[in-house]
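Trainee: Here is a sequence together with a model predicted from it:
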Amino acid sequence: MIQGLDHTALNVSDLPEAVAFYREVLEMRPVDAHDPANTRYFWLNFGPGQTLNLTLAPERTPNALGLETDLYTSAHLAFSAPEAFLEVLEGRLTAREVAFHCSSTGVYFCDPDGNFLEVTCWREKSLKDAGAERW
């Protein structure tokens, strides 16, 4: 029986750059003690028991494969965050000159390798809109 999601792995072309992006833009915390410049993978934590494995595979990134992202049909990885974080995220993406799209409940963008990401507050917003006092 499946009990939950253990981790997600994404291919990247420059491990130090990818680690910096996920740490600085999305505030993920390192799990690995390795120097990302001296290894082929790096683990980051983004919540209780939730990890992201960045794997050095330059030939297998969406950019290298020529994959295009489309808001409505692209496979993507979605992270949940408080609604207040979306504005912070937009500022960080703008500072890095990363193109993004906003909806009423999320921000959609790609990491430096073309991995399509979403940061969403839809659960929080739905509960707030329904009149819940806590979420």
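Mentor: Arrived safely. Numbers count the residues shown, from 1 in each chain.

Trainee: quick one, phi psi at the spatially most central residue of the chain?
Mentor: In the chain, the residue lying closest to the centroid (Cα atoms, centre = their mean) is Leu117, at 5.1 Å. Here is the backbone geometry of Leu117 (degrees, to the nearest 10): phi -130, psi 160.

Trainee: Specify the beta-bridge partners of it.
Mentor: Bridge pairing for Leu117 (DSSP bridges) gives the partners Leu77, Phe109.

Trainee: One more: Thr8?
Mentor: In beta-bridge terms (that is, DSSP bridges), Thr8 pairs with Leu52.

Trainee: Next, Ala33: phi, psi?
Mentor: phi -100, psi -10.

Trainee: quick one: contacts for Arg113?
Mentor: Quick fix: residue 113 is Asp, not Arg. Leu10, Asn11, Val12, Ser13, Asp14, Ala18, Thr61, Pro62, Asn63, Ala64 (Cβ atoms under 8 Å, 6 or more residues apart in numbering). (C-beta placed from N, C-alpha, C; glycine too.)
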